[in-house]
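Asker: make a model of this:
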Amino acid sequence: MSSTGKRMADAETARYGKINALIGILTGKREKSIPGGLLEDSQKNPMETLFADDFKSKINVGGKITIDGDELMIGRKTYSADDLQKVTINTEGSMKLYDRKGKKLCGTFALNLSVKNIEYLCIWLRLHNVAAEVRSGKGEKAFQWAVFAISALIIILIAFLKRMPF
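Answerer: Model (predicted):
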């Protein structure tokens, strides 16, 4: 395998590792791996203990989303955790955030695994008990392959048209 192929494989492995980590945070599966082991039911949530001071100052999550204590600012609007119904994440790394009425507040372009501080947003959502739904990424994967196929066809068409004598 060439070094470029190896780097691409390593990048893909890291990408899916990060997606699985975010899913683990949102669904609570990561709490079992927090140092100190499982806590008794009478004790605080281990994530609350670890991240109690992290959300006291504003944290920018991408260009459009900011965490400000117990509030989430999306664009110019501010939402509390009670205003949020659920967050969905698919196995390809795209996320969507919905309000109590089921209206999408932000989606794939503003909220995905490549956004800076996405881990903090996932922790904030988990600490505030916002429901998380994991979806299949088959639709997104099909879209990615369609874009790839169309791009390849366009490149071939351009190369063909350059050779044509006009």
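Asker: what are the ranges of the strands in the protein?
Answerer: Ranges of strands in the chain, per DSSP state E, are 59-61, 65-68, 71-74, 77-80, 84-90, 95-99, 104-106, 131-135.
Asker: distance to residue 125 added to those strands, as a markdown table?
Answerer: Any C-beta I mention is one placed from the backbone N, CA and C, and that applies to glycine too. A markdown table is the format used below for the strands of the chain (distance: least, CB to CB, whole Å):
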| stretch | distance to residue 125 |
| --- | --- |
| strand 59-61 | 11 |
| strand 65-68 | 10 |
| strand 71-74 | 8 |
| strand 77-80 | 11 |
| strand 84-90 | 5 |
| strand 95-99 | 8 |
| strand 104-106 | 12 |
| strand 131-135 | 7 |
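Asker: go ahead and confirm residue 90 touches residue 141.
Answerer: No. Using CB atoms under 8 Å, residue 90 is not in contact with residue 141; the gap is 9.2 Å.
Asker: more neighbours, these two?
Answerer: Neighbours were counted for residue 90 and for residue 141 using other CB atoms under 10 Å; residue 90 has more, 21 against 13.
Asker: distance of the more buried one relative to residue 72?
Answerer: Taking CB to CB, to the nearest Å as the measure, residue 90 and residue 72 are separated by 21 Å.
Asker: what of residue 84?
Answerer: 7 Å.
Asker: these two: which is more packed in?
Answerer: Ranked by neighbour count (other CB under 10 Å), residue 84 and residue 72 place residue 72 first, with 25 against 20.
Asker: please name the nearest non-neighbouring residue to the more buried one.
Answerer: residue 79 (4.9 Å; CB to CB, 6 or more residues apart in numbering).
Asker: could you do residue 110 as well?
Answerer: Counting by CB to CB, 6+ apart, the residue nearest residue 110 is residue 64, at 4.5 Å.
Asker: now swap in residue 28 and tell me
Answerer: residue 126 (6.5 Å).
Asker: next, the contact list for the one you found, please.
Answerer: Residue 126 makes contact with 25, 26, 28, 47, 132, according to CB atoms under 8 Å, 6 or more residues apart in numbering.
Asker: ditto for residue 62
Answerer: The contact partners of residue 62, taken as CB under 8 Å, 6+ apart, are 110, 111, 115, 116, 117, 118.
Asker: one more: residue 87?
Answerer: Residue 87 is in contact with 26, 95, 96, 97, 98, 125, 130, 131, 132, 133, counting by CB under 8 Å, 6+ apart.
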